[in-house]
Structure formats: C-alpha cells, structure tokens
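Chemist: have a look at this prediction, sequence included:
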Amino acid sequence: MPFVRIDALGGPERLDALGRAVHQALQETIGIPPDDHFQVLTGHDGATRALRHGDYLGVHRDEGVVYVSVTLRAGRPAERKRALYRRIAELAHAYAGTEPRNVFVVLTENAPVDWSLGHGLAQYDPGPQDGPAQSPGNGGAPDP
Amino acid sequence: MPFVRIDALGGPERLDALGRAVHQALQETIGIPPDDHFQVLTGHDGATRALRHGDYLGVHRDEGVVYVSVTLRAGRPAERKRALYRRIAELAHAYAGTEPRNVFVVLTENAPVDWSLGHGLAQYDPGPQDGPAQSPGNGGAPDP
Amino acid sequence: MPFVRIDALGGPERLDALGRAVHQALQETIGIPPDDHFQVLTGHDGATRALRHGDYLGVHRDEGVVYVSVTLRAGRPAERKRALYRRIAELAHAYAGTEPRNVFVVLTENAPVDWSLGHGLAQYDPGPQDGPAQSPGNGGAPDP
C-alpha cells in the first residue's frame, strides 16, 4: 500500500539504490510485505528537473539531497514512523552512499477507501457489493 | 478541483489516453464538470524516470502499471470513490489498452480552503474580504 | 518544512523564477525562515511530460499554467492560506511573468510526526528517546 515518490539528482543506479533502501525500510519498520512495492523514481538533472534545499534546522544539505514522499493509510504509531526515518537514512547511506543529513521524508495519510490496487476495486474497503468480486486477493484485510 | 498526477511508462499517446480516461471517469462518477481538468502527466523511460511495482494482494502487475494520484476535497462518499476506481479501470482499458490489473489509484483529501484555482483566490472558501473579488466565477459554491 | 512541488512548461529560468516566487511567498505569509526551502521543480515539454488544464470557475488558463502543490503541517489559519495564494500569484507574475489566472495551488496537511528533515530524525516530534539526539538543531520547536 504505501505509495512512494523519490526525487533525487542522479541516474538509474542511484535511484534504484534509494528505491531499495526505502522499500526495505518500510518492510522492516512498518511491516509491509515484499510485494507491496509501489514507487515512482525521478532522477533530476539540475536544470529542467531541479531540486532546491536549504540548511533548515541546522542540517547542512547539498546536491545529494533526496526527497522521499510516502502516502499511506492512517494509523501507524509515531514510534514506527520514527523507526522508519532512522532505517531509511541508514539504508540510503548503505545502498546509495547518501549521507543521512540529505534524506528528507514526508508522510501523508489517508483512509482505507482511498486506495485501489488494481482491477478497479477498493481492496481495503470493498463495500457490500464488491465483497465477492475481490475474494481471490486478501482484499479488506489490513496489512500489518 | 481534483488535481491529478498520472505516472506511467510510455509516450505522449499513452499518457493522453490515460489522462482522458481519468478525466472522464471523474466526470461520470464524482460529477465534476468537463472544464474541471487539472492534470500532470509524466511518461517514464524506465531509467532516469522509473516505476517499481510488486504483485501485492495477488494482483499481477507488469510494465503497463499506471499510478494515478488524485487530490480532492474531503466528503465524497465511499461508494462514489469505488465507482471512480471501476470506471478509471474500464476507461484505461478502453482508451489506452491498459489492463485493469495495472491501474493503481490513490486519493488524498483536503479542505475547501486548501485550493487556489487562479487569480490568487481561495475560490472554495474565499473568506469575508475576498467575497466580492471572486464574484465573476461561481466561487465558493461546492461542485457536485 | 513545507515541501513544494512545482510543475510547469518551460526551462530552467522559468522554473527557477517560479520556485523563488513560491519560496518568498511562504516566508512572507506563513512565516517560514529562508533556509526552510524544499522544492522539486519539474519542467514539462508538452509531450512526454505534459499538463492538462480547463477553464473551470470561469478562469481562462493556457499553456502558462503552473501547478504548485505544497505539503505542510496542519494548523495554518485560513486567512494565512489566502494570503499565501495572493502572494504566490503576485510574485509568479513579478518574477516569471506568469499571469495570476494561470497559478493553481493545492495544499495538503499532515502531522508533526510525519516529517523527517534529515539524520533519520522526526525533528518536529522526536519522541522521548530521540530528544537528546536532535538538540543541536531547534528540533521540536514549531516554526511560526
């Protein structure tokens, strides 16, 4: 379910490494399964696709900055979100060489009925009439 | 009002077809007028602009995957959202040949005051002092 | 803290001018400090990266349309948001020559714990165990 956008300078290798970092961190801290993998990775060129950053909160950022925005259903406890941030920063460093100071994460929450994960169904809140139609998946069951 | 982002592999023709599918589905199920049309369409190349997907919930996805993210004001009933998902999937198939299993939709809701649709005004919640300034449009009136 | 995405047709100069307009407007109306600067600027080519727009609410839009989406913490009063829209429209005109009718802004709000501004910390809601770790910055203090 989490829908992830990653924006960073660089090419396919860096984007791939950052995508893997975020995906593994979501699995380890939020408990999503490995196939719950939905990402849009955008490599910026610093010109027509550009990033801006400042040193807000005393954190020195540079061209290595990575913006990670995650949409997910409401309800994750604060301490899991904090664990997620820690783990993304660790793995972005391990996989992409990105320094933790350059990792920016923002979450946006919504409701179960706000998702359709294929086949035109609202798998997390299928409603009475859609109940049978989505039975082959594990439809309405909340993931961990 | 809905603000739509569509991310998919492919060129202008596919993006245009997907954009038309989503826009028509919003009109038919949420009741927006035809000129309430605000979309950012991004074609990915699989390298510097890349998508990731998994088979979560038993849905087999492939390179045809389409990410549709829609921001809209809170208040649409669940059954309209479900109708929206069904119709997007149908029309994405009809117009772009995209299989319904590959259509991923996520909604994010906000408040009337969170929109400015031009001229620097908050048309859905203009406040006392802006009332006269936006009278040429149908300003504060909620759309269907 | 605000995280800003700007999508518009055009090249680096136009994007830069629009980015400056939005950043200055946020400082003047919402009260963020100058280094609280987090933007993703995307220039569209009208083909593989395309925008769609309509004349909804009687506002005539054209290829100069600019989509500004801002994620920020909940709690800004309505009149500050309205001031923000006015100022973005004014400065987009002054800096980029973009007509106010073409400036579209949408806000999405979240919670303090939904942000990590570097170092893997949740600076706005660090929790008991992270308190000391973020003391070098002004961590948990809400900005104006």
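Modeler: Thanks, I have the structure now. From a predicted model like this one, the values you see are computed outputs, not experimental measurements.

Chemist: residues in contact with the residue nearest to residue A:48 when sequence neighbours are not counted?
Modeler: Nearest non-adjacent residue to residue A:48, counting by C-beta to C-beta, 6 or more residues apart in numbering or on different chains: residue C:43, 3.9 Å away. The way it works is simple: take the backbone N, C-alpha and C, and place the C-beta from them, glycine included. Residue C:43 makes contact with A:47-49, C:8-12, C:14-15, C:49 under the criterion C-beta atoms under 8 Å, 6 or more residues apart in numbering or on different chains.

Chemist: tell me the one of those residues nearest residue C:63?
Modeler: The closest of the contacts of residue C:43 to residue C:63 turns out to be residue C:9 (C-beta to C-beta; 5.6 Å).

Chemist: just the strands in chain A please.
Modeler: A:3-9, A:38-44, A:49-53, A:66-73, A:103-110, A:115-116 (DSSP state E).

Chemist: okay, those in JSON lines with mean pLDDT and distance to residue B:22 next?
Modeler: Below are the strands of chain A laid out as JSON lines (pLDDT from 0 to 100; distance: least, C-beta to C-beta, whole Å):
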{"stretch": "strand A:3-9", "mean pLDDT": "98", "distance to residue B:22": "16"}
{"stretch": "strand A:38-44", "mean pLDDT": "98", "distance to residue B:22": "16"}
{"stretch": "strand A:49-53", "mean pLDDT": "98", "distance to residue B:22": "23"}
{"stretch": "strand A:66-73", "mean pLDDT": "98", "distance to residue B:22": "17"}
{"stretch": "strand A:103-110", "mean pLDDT": "98", "distance to residue B:22": "18"}
{"stretch": "strand A:115-116", "mean pLDDT": "98", "distance to residue B:22": "12"}
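
Chemist: so of the ones you listed, which one's packed in deepest?
Modeler: Sort the strands of chain A by mean neighbour count, taking mean count of other C-beta atoms under 10 Å in any protein chain shown, and strand A:115-116 sits at the top with a mean of 24.

Chemist: partner strands of that strand and their direction?
Modeler: Partner strands and pairing direction for strand A:115-116 (DSSP bridges) are strand B:103-110 (antiparallel).

Chemist: just how off-centre is the strand it pairs with within its chain?
Modeler: Counting by C-alpha atoms, centre = their mean, to the nearest Å, strand B:103-110 is centred 8 Å from the centre of its parent chain.

Chemist: please apply the same query to stretch A:74-81.
Modeler: 14 Å.

Chemist: what of stretch A:67-80?
Modeler: Distance, centroid of stretch A:67-80 to centroid of chain: 8 Å (C-alpha atoms, centre = their mean).

Chemist: same check, this time on stretch A:83-94
Modeler: Relative to the chain's own centre, stretch A:83-94 is displaced by 12 Å; criterion: C-alpha atoms, centre = their mean.

Chemist: that one near chain C anywhere?
Modeler: Yes. Shown here: stretch A:83-94 in contact with chain C (C-beta under 8 Å from any C-beta of the partner chain) through A:85-90.

Chemist: nearest to chain B, of those residues?
Modeler: Closest approach between the residues of stretch A:83-94 next to chain C and chain B, by C-beta to the nearest C-beta: residue A:88, at 15.3 Å.

Chemist: hey, where'd the helices end up in chain A?
Modeler: Ranges of helices in chain A, per DSSP state H, are A:12-30, A:78-96, A:127-130.

Chemist: quick one: contacts for residue A:84?
Modeler: Neighbouring residues of residue A:84 by C-beta under 8 Å, 6+ apart: A:25-26, A:29-30, A:105.

Chemist: any idea which of the helices of chain A gets closest to residue A:56?
Modeler: Closest to residue A:56 of these is helix A:78-96 (C-beta to C-beta; 15.9 Å).

Chemist: report the buried residues of the closest one.
Modeler: The neighbour-count check on helix A:78-96 (16 or more other C-beta atoms under 10 Å in any protein chain shown) flags A:81-93, A:95-96 as buried.

Chemist: mind checking how far the most centrally placed residue in chain A is from residue B:32?
Modeler: Closest to where the C-alpha atoms of chain A average out (C-alpha atoms, centre = their mean) is residue A:4, at 3.3 Å. Distance from residue A:4 to residue B:32, counting by C-beta to C-beta, to the nearest Å: 28 Å.

Chemist: coming back round to it: so what sits opposite the residue nearest to residue A:48 in the bridge?
Modeler: On the basis of DSSP bridges, residue C:43 is bridged to residue C:8.

Chemist: wait, residue A:26 sits on residue A:32?
Modeler: Yes. The pair residue A:26 and residue A:32 passes the contact test of C-beta atoms under 8 Å, sitting 5.1 Å apart.

Chemist: residues shared between the contacts of the two?
Modeler: Here residue A:26 and residue A:32 share the contacting residues residue A:2, scored by C-beta under 8 Å, 6+ apart.
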